[in-house]
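A.B. asks: A structural model of the following input is requested.
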Amino acid sequence: MFFRFFSYSLKQLVRMRWLVGWNFLFPLVLASAFYLGFGNMIKDDPNRLDTIEVAYVAGDGINSNFLSVINELSKETEDHNKILDITSFDSLDEAKDALNKNNIDGIYYQHDDTIEVIVSENGLNSTSLSQIVKSYQNYQASFEKILSEKPEEINTLMANMESNQSFIKKHDFNTGVSQYMQFFYALLAMSSLFGSWISTAIMTNLCANLSESGKRFEIAPGHKLKAIFAGILAGTILQALSNAVVICYVEYVLGLHWGAPICMVIAITILASALGISVGTLIGSIFKNQLALSMVPLAFTMTCSFFSGLMMGGIQQIIQNFCPLLNKINPATVFTDSLYQLACYGKTSAYYEDLCIMVLMIGLCLAISVLILRRRNYDSI
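C.D. replies: Coordinates of the predicted model:
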């Protein structure tokens, strides 16, 4: 009986043309508009460190250990990028002349026992060049101290250095997620909440005061809650499929990376689809007017989407400063935050907290809906 209710609901939903338009086509159109509007800014990583053009000048009799270190940094990494591009000069005056002409970003001048960093202006490049020198000097001091006091511990130091590098590489945060991807996260949230229209359409066909099919359903001997949950499952599958199409379109057609494995993104949107369907079920069980069943889900979806950053970037941070509770009860914000946490920081406690909040919202909406529907009765059918 449950499978019959499920197949009937699925066929009924697929035949709704407005469903195909709003839940399948509209998110694709909006994603394309975002892509065309933002242009190449989406693909540009604001945290990317471009190759730094640096000159190296050494005094007479200077040990070339530091030069060996920066030459290693000038080699291509796994992603075919270089940290430094080294140019050696015979004199400091020649290097300063190149710096003044903006041919280079900075100078390493090694003389006596010091390494001097010379730059034309402060910024990310100057900070990076200085940090390289500090790291080199710290490691050099550690090696010299151990060699003079406990030379037998040198192998232990090397092993610790390898361990630290492996740990840092393993737990390196993903800084390659563009800030404009927040709009696409909010787009997925809006698409998921569009599922509320699906469930209100299901409720319309199951309520005697809203449709002729509802009258037939109410007087039929079948189990009512089974039919409702079968419709919820059908709507969730349909909405999850719609979200999967949007995700694949953005990833493979527009060429934008979500910042996380695509299977994980789809899995989270399945949960968000269930949340949108459960919210619509609650709305359908509360309101008994046909117009309200159309307008309330739309108003709810667009309001939640606005506060999740779909229309104005950065609004989540503003709300977090003045009313953080609103971010925790807004399903669209909770969903976008879960994707952001996964993309930038991985599976942290905040990520699992967002997932738990969505599960709690789904359970709460369905529980209230069941209580309302079980008490619903009619004067006559």
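
A.B. asks: which strands or helices does whatever helix or strand L339 lives in pack on?
C.D. replies: Assigning secondary structure by DSSP states H and E places L339 in helix 331-344. With contacts taken as 3 or more C-beta pairs under 8 Å, 6 or more residues apart in numbering; DSSP states H and E, helix 331-344 sits against helix 181-193, helix 262-286, helix 290-307, helix 315-322, helix 324-329, helix 349-374. The way it works is simple: take the backbone N, C-alpha and C, and place the C-beta from them, glycine included.

A.B. asks: now those in JSON lines, with mean pLDDT and distance to L19?
C.D. replies: Formatted as JSON lines, the entries for these read as follows, by pLDDT from 0 to 100; distance: least, C-beta to C-beta, whole Å:
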{"stretch": "helix 181-193", "mean pLDDT": "91", "distance to L19": "12"}
{"stretch": "helix 262-286", "mean pLDDT": "92", "distance to L19": "12"}
{"stretch": "helix 290-307", "mean pLDDT": "88", "distance to L19": "13"}
{"stretch": "helix 315-322", "mean pLDDT": "84", "distance to L19": "29"}
{"stretch": "helix 324-329", "mean pLDDT": "90", "distance to L19": "28"}
{"stretch": "helix 349-374", "mean pLDDT": "90", "distance to L19": "20"}
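
A.B. asks: mind listing what's buried in stretch 84-91?
C.D. replies: By neighbour count, with 16 or more other C-beta atoms under 10 Å as the criterion, the buried positions of stretch 84-91 are L84, I86, T87, F89.

A.B. asks: domains for the chain, by residue range?
C.D. replies: Split into domains by automatic domain parsing, the chain comes to 2-43+177-374, 52-170.

A.B. asks: looking at those domains, which one is packed in the most?
C.D. replies: Mean neighbours per residue, mean count of other C-beta atoms under 10 Å, is largest over these for domain 2-43+177-374, with a mean of 18.

A.B. asks: pull the distance from that domain to the chain's centre.
C.D. replies: 17 Å (C-alpha atoms, centre = their mean, to the nearest Å).

A.B. asks: would you mind measuring the gap between the ends of it?
C.D. replies: Using C-alpha to C-alpha, to the nearest Å, the gap from the first to the last residue of domain 2-43+177-374 comes to 18 Å.

A.B. asks: circling back: which of the domains of the chain has the lowest mean pLDDT?
C.D. replies: Set side by side, the domains of the chain show their lowest mean pLDDT on domain 52-170, which sits at a mean of 75.

A.B. asks: could you tell me the end-to-end distance of stretch 9-29?
C.D. replies: Across its full length, stretch 9-29 reaches 27 Å between end residues, using C-alpha to C-alpha.

A.B. asks: which residues sit against that stretch?
C.D. replies: Applying C-beta atoms under 8 Å, 6 or more residues apart in numbering, the contact partners of stretch 9-29 are 187-188, 190-191, 194-195, 197-198, 201-202, 205, 227, 230-231, 234-235, 237-239, 242-243, 245-246, 249.

A.B. asks: I'd like the distance between C263 and M358.
C.D. replies: When distance is defined by C-beta to C-beta, to the nearest Å, C263 is 18 Å away from M358.

A.B. asks: then Q179?
C.D. replies: Distance of Q179 to M358, computed by C-beta to C-beta: 24 Å.

A.B. asks: kindly report the same for R17.
C.D. replies: Plainly put, R17 is 30 Å away from M358 if you go by C-beta to C-beta.

A.B. asks: likewise for S32?
C.D. replies: From S32 across to M358, the span is 27 Å (C-beta to C-beta).

A.B. asks: leaving out chain neighbours, which residue sits closest to the residue nearest to the spatial centre of the chain?
C.D. replies: The residue lying closest to the centre of the chain (C-alpha atoms, centre = their mean) is Y340, at 3.1 Å. Once its chain neighbours are removed from consideration, Y340 has its nearest residue in Y185; the separation is 6.3 Å (C-beta to C-beta, 6 or more residues apart in numbering).

A.B. asks: ok, now which ones touch the one you found?
C.D. replies: Y185 makes contact with S308, G309, F335, T336, L339, Y340 under the criterion C-beta under 8 Å, 6+ apart.

A.B. asks: quick check: the third one touching S192?
C.D. replies: Yes: between F335 and S192 there is a contact under C-beta atoms under 8 Å: 6.5 Å.

A.B. asks: nice, that's everything, thank you.
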